[in-house]
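**Q** okay, sequence plus prediction incoming.
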Amino acid sequence: MAFTVAITGRPNVGKSTLFNRLAGRRLAIVDRTPGVTRDRREGEARLGDLRFTIIDTAGLEEGTGLEGRLLAQTGHALEQADLALLLIDARVGLTPIDRHFATWLRESGLPVILVANKCEGGAGEAGILEAHGLGMGEPVAISAEHGLGLSELYDALAPLAGDAGGGDAVPEEKPLQLAIVGRPNVGKSTMINRLLGAERMVTGPEPGVTRDAVPVSWTYEGRHIRLVDTAGLRRASRVAEKLEEMSVKDAINAIRFAHVVVVVTDASAPLEKQDLTIARHVIEEGRALVIAVNKWDLARKGTLARVNGRLEKSLAQADGVPVIPCSALTGHGMEDLLPAVLGAYAVWNKRISTGLLNRWLARMAESHPPPVSKGRRIRLRYMTQARTRPPTFALSASRAGDLPESYLRYLVKGLRRDFKLPGVPIRIHARKGRNPYAPK
């Protein structure tokens, strides 16, 4: 269904970078200098299975003369649009201009999605928390420059895209995005055929049969799933041909857009170095992870214990990840794979109340107090869950920069244990609390 999205925000928050990212090519000039974009620019965008028109607009500024004409151009863009994205720079935080134009957009009557840009590397948590004060719902944290957070942007756009076309149709449930990845020839396509109950994917003994990331829509026990088969991922040093390089990029994008990723490994040579590299990439992207040990009919005695031991040693950042021994060829164990996927998805979306978190934090600090820094013990003031998918927490502490990684790992381990968060990445961003006596 065709719809139009206007990208708005004050100057230099990354509107043109997001425009280029959604258009899939460099259509708009991007520079650090504020005010590069003046005329509104239209393009055709693609985000997952959504197709829509995007409009890049000039930076929102009040004024007369040129500023007034640019603001009028943005107003015309909003008249064309079915919904608007309001971008803020999460690293800078909210500014008076952001607050002013948030009010302006609300008065336009358009649906508005608040987008916190420049969140790469865990930056901008304080800005994301401030953005809740605009009263525009949960901010979507992205990095337009690095292509991070596009799955969350898709989830925010999809229901509004259905509404944009009008009519009385009931919006469909958003599909669970599931990617199947792994080394070449571990049985990914055979596994998908087994799940679908049909020869949907071409399979064969030769490595590299699958080249494109192939999406398939499918329903499992009433749950709509968008399943993506991907090309085998070899070590980067072995990727020489341009075609394989393009296939690898497709597979990496499939991980980026997924909610849950199943990493398939071969039971006859389980969890090789490349398997762990792929799994770590899934965790770094913040996706929920399931390990499928395929070709179980070829497994030797003690294989499962070796796999679990290797995961415990080399993938501690996803402690408790589900491991499913199975054989796509014979069907053994395949009935356990989708329940594990749905379980991982539920954990990935889990939210913990602020009150419960802070009572837990007090007990953790009492059991194991934070270390001393510069003659004073670091104080843990407050914790809140900033977002889900994956579970991400903001921790306010005195001398937050001196809080050692070992203590953050202690808190992560406690969160995973006490709130039943196995197998998903957990992120804690420590920040210094505001001093009420400091000069403004």
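**A** That came through fine. Numbers count the residues shown, from 1 in each chain.
**Q** near residue 407, how many other residues are there?
**A** Using other C-beta atoms under 10 Å, residue 407 has 21 other residues around it. Just so you know, the C-beta spots here come from the backbone N, C-alpha and C atoms, and that holds for glycine as well.
**Q** can you give me the helices in the stretch 51-200 of the chain?
**A** Listed in chain order, the helices of the stretch 51-200 of the chain (DSSP state H, counting those that start in this stretch) span residues 66-80, 96-108, 125-131, 150-164, 188-196.
**Q** check those for me: which has the lowest mean pLDDT.
**A** Here those differ in mean pLDDT, and the lowest is helix 66-80 at a mean of 63.
**Q** sorry, back to before: any chance of the helices of the stretch 51-200 of the chain in a markdown table, plus distance to residue 350?
**A** As requested, these are arranged in a markdown table below (distance: least, C-beta to C-beta, whole Å):
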| stretch | distance to residue 350 |
| --- | --- |
| helix 66-80 | 36 |
| helix 96-108 | 29 |
| helix 125-131 | 18 |
| helix 150-164 | 16 |
| helix 188-196 | 25 |
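**Q** compare these and give me the one nearest residue 330.
**A** helix 188-196 (9.1 Å; C-beta to C-beta).
**Q** which is the next helix or strand following the closest one?
**A** Tracing the chain past helix 188-196, the next element assigned as helix or strand by DSSP states H and E is strand 214-220.
**Q** quick check: mean pLDDT of that following strand?
**A** For strand 214-220, the mean pLDDT works out to 77.
**Q** and the contacts of it?
**A** Residues outside strand 214-220 that contact it (C-beta atoms under 8 Å, 6 or more residues apart in numbering): 49, 175, 192, 195-196, 200-201, 224-230, 338.
**Q** neighbour-wise, which one of those residues leads?
**A** Busiest of the contacts of strand 214-220 [other C-beta under 10 Å] is residue 230, holding 27 neighbours.
**Q** any idea how far residue 83 is from residue 328?
**A** Between residue 83 and residue 328 the computed distance is 41 Å (C-beta to C-beta, to the nearest Å).
**Q** higher neighbour count, those two?
**A** Taking neighbours as other C-beta under 10 Å, residue 83 and residue 328 compare with residue 328 leading, 25 against 20.
**Q** surely residue 160 and residue 112 touch.
**A** No: the pair residue 160 / residue 112 is not scored as a contact, 9.6 Å apart, by C-beta atoms under 8 Å.
**Q** common neighbours of those two, please.
**A** With C-beta under 8 Å, 6+ apart, residue 160 and residue 112 have common neighbours residue 83.
**Q** so which of the helices of the stretch 51-200 of the chain comes closest to residue 259?
**A** Nearest to residue 259 among the helices of the stretch 51-200 of the chain is helix 150-164; the distance by C-beta to C-beta comes to 6.9 Å.
**Q** all good on my end, thank you.
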